[in-house]
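S.K.: Next one to model:
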Amino acid sequence: MLAKVLSCAVVGLEGAVVEVEVDIASGLSAFYIVGLPDTAVQEAKERVRSAVRNSGLQFPSRRITVNLAPADVRKEGPAYDLPIAVGIMLASQQVVADLSNALFLGELALDGQVRHAHGILSMVALAKERGLEMVYVPEADAAEAALIEGVTVLPVKSLAQLAAHLAGVEPIAPFVAGPLEVAVEEPVWDGADFADIKGVSVSTLATFR
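M.R.: Residues are numbered from 1 along each chain as shown. This next block holds a predicted model:
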């Protein structure tokens, strides 16, 4: 089975939508990631494997190939963990969902928790530019992602929570940003107070006002 999930790469000040293709085929158990991944992306194999299993899901004991397209763009960082895991869930038919209009970002812990990812703001801005309506981001990054208007932000706490959402069991509520609160600090005066000067009356102080 073949599944496709969208993610994003940031190259300098620009971004590019990355299509995460996951193919599960017959053969000896193996896990390959191709498409110019760096070391952090290659290490996603172990994080995703453990996260899937520790989230109550089945990790296929078959030949898994993950292609990150376009292949000529270098992929860096652990933010591809979540889309790779989602692609495996789709390709193994553990969940069935239409995710063609959604972007996935996030690093996975071994227990399936979704950790903070760098560059969220620029990647969500790119998603809006490309006409994508929904982004799945780490719960810790939801407030930052919500700064981009016109995109529905879904905060993901764990892979198990996301699996339940995609299966329609327990939907994740979109993140709603609250009103901005600006703290107003009282000015601090470190100098002398004229009221402490001996012989200065209240009427005298009034002349300085």
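
S.K.: Which strand in the chain has the most residues?
M.R.: Across the chain, the strand with the greatest residue count (assigned by DSSP state E) is strand 14-25.

S.K.: residues contacting residue 135?
M.R.: Residue 135 makes contact with 102-105, 123-124, 127, 145, 151-154 under the criterion C-beta atoms under 8 Å, 6 or more residues apart in numbering. Every residue, glycine included, has its C-beta placed from N, CA and C.

S.K.: From residue 145, how far out is it?
M.R.: 6 Å (C-beta to C-beta, to the nearest Å).

S.K.: Name the residues contacting each of the two.
M.R.: Both residue 135 and residue 145 are contacted by 124, 151, 153, under the criterion C-beta under 8 Å, 6+ apart.

S.K.: Residue 105 versus the residue lying closest to the second one once chain neighbours are set aside, what's the distance?
M.R.: Residue nearest to residue 151 in three dimensions, not counting chain neighbours: residue 128, with 4.9 Å by C-beta to C-beta, 6 or more residues apart in numbering. When distance is defined by C-beta to C-beta, residue 128 is 14 Å away from residue 105.

S.K.: now do residue 41
M.R.: From residue 41 to residue 105 the distance is 13 Å (C-beta to C-beta).

S.K.: what does residue 79 give?
M.R.: The gap separating residue 79 from residue 105 is 5 Å, by C-beta to C-beta.

S.K.: the more surrounded of those two?
M.R.: residue 79 (31 against 28; other C-beta atoms under 10 Å).

S.K.: count of residues packed around the closest residue in space to the more buried one that isn't next to it in sequence?
M.R.: Among residues not flanking residue 79 along the chain, residue 117 sits closest, at 4.1 Å (C-beta to C-beta, 6+ apart). When counting by other C-beta under 10 Å, one arrives at 21 neighbours for residue 117.

S.K.: just residue 68 next, same as before
M.R.: Around residue 68 there are 23 residues (other C-beta under 10 Å).

S.K.: What residue, apart from its backbone neighbours, is nearest it spatially?
M.R.: residue 35 (3.2 Å).

S.K.: repeat for residue 32
M.R.: Residue 32's closest residue in space is residue 65 (C-beta to C-beta, 6+ apart), at 4.9 Å.

S.K.: From the contact counts, what lies against the helix or strand that the one you found is a member of?
M.R.: Per DSSP states H and E, residue 65 falls inside strand 63-69. Helices and strands touching strand 63-69, by 3 or more C-beta pairs under 8 Å, 6 or more residues apart in numbering; DSSP states H and E, are strand 14-25, strand 30-34, helix 81-91.

S.K.: Can you get me a residue count around the residue nearest to residue 151?
M.R.: Neighbours of residue 128 (other C-beta under 10 Å): 15.

S.K.: Isn't residue 160 up against residue 55?
M.R.: Yes - counting by C-beta atoms under 8 Å, residue 55 is a contact partner of residue 160 at 4.0 Å.

S.K.: so who does the residue nearest the centre of the chain touch?
M.R.: For the chain, residue 137 is the residue whose C-alpha lies nearest the centre (C-alpha atoms, centre = their mean; 3.0 Å). Residue 137 makes contact with 105-106, 117, 120, 124, 145, 153-156 under the criterion C-beta under 8 Å, 6+ apart.
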